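Asker: Sequence plus the predicted model coming up.
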Amino acid sequence: MLNLVEITLKSILRDRVFHGIIFSALVFLLIPSVASLSMRQMTELSMNLSLSLLSFILLLLALFLGGTHLWKDIERRYTYSVLTLPISRSSYLVGKFLGIAIFIFAVACLLGLVAAGVVVFSSGIYPPERPIAWDNFVAAVVLDALKYILVVATAFLFSSVGTSFFLPVFGTICIFFVGSASQQVYDYITAPATTDISLFTKKAATVVYYLLPNYSAFDYKVNAVYGVPIAGSGLLLTLAYFAVYALIVVALAALLFEKREMN
């Protein structure tokens, strides 16, 4: 499996899509200029823009790598040659997933350092009124990486049954948008003040809420930008949620891939 992880990392580094997405990271250089338009909150704005750009780049990587990597291997018949070796389909899929997950985390750390440099540069031009909460900043970057590793897991679940890249890519996009808004919808529907919604709708919304990934739980951008303290219990709960949900989704993807007919 370690060989599969290494091969996956090497193939990603040779991918032209990866080169194009990483090239977009040059936009970080423009953030101080844009943030300077708000002199009183230049540091806060630069951090907000930096974290948003980092999140957008990770989303693109998660969608294109998670949604197309397995499909391209099958299309090129690389998968067939690998599976002739003494390795199971599930080990093959888990190895590919771990390779992409490690890559996503490494890119998040690298872009996090670039974003931190942008924030330091902006704060040097116009010092902020409050000290920068670097621990919150690190937490926001790490949890963003975990969120998009979960997106990759979802994409692998679709890839395990899909015969083209359309289902993994567009299916993952739909799940991402729904999962990002599920917390707000659930809070509104289940609020005591909401009386015009039927009991069946509330029950159905609750089922969907627990089935779909809750991506909003990984968003700590506000805490990083404005220095809002992060509750340790909430952070641990989010990490546990990631571990359990990712394990379930990858295990289900491996099970479906084992049963898939390879023609």
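Answerer: Arrived safely, thanks for sending.
Asker: Next, name the residue at the spatial heart of this protein.
Answerer: By Cα atoms, centre = their mean, the chain has its centre lying nearest to Tyr148, at 1.0 Å.
Asker: Is that one within a helix or a strand, and which one?
Answerer: helix 134-159 (DSSP states H and E).
Asker: With Gly124 instead?
Answerer: helix 89-125.
Asker: For that helix, name the packing helices and strands.
Answerer: If you count contacts as 3 or more Cβ pairs under 8 Å, 6 or more residues apart in numbering; DSSP states H and E, helix 89-125 packs onto helix 2-14, helix 31-35, helix 42-75, helix 78-83, helix 134-159, helix 232-259. To be clear about C-beta, it is placed using only N, CA and C from the backbone, and glycine gets the same treatment.
Asker: Give me the distance between the second one and the centre of its chain.
Answerer: Relative to its chain's centre, helix 31-35 lies at 25 Å (Cα atoms, centre = their mean, to the nearest Å).
Asker: Tell me where the model's unsure across the stretch 1-150 of the chain.
Answerer: Along the stretch 1-150 of the chain, the parts satisfying pLDDT under 70 run over 1-4, 15-19, 21-22, 35, 37-40, 77-86.
Asker: Can you classify Glu129 by secondary structure?
Answerer: The three-state label given to Glu129 by DSSP: H, G, I helix; E, B strand; the rest coil is coil.
Asker: Give me the phi and psi for it.
Answerer: In terms of degrees, to the nearest 10, the main-chain angles of Glu129 are phi -70, psi -30.
Asker: can you check the one 3 residues further on too?
Answerer: Main-chain dihedrals, Ile132, degrees, to the nearest 10: phi -70, psi 130.
Asker: Thanks a lot, catch you later.
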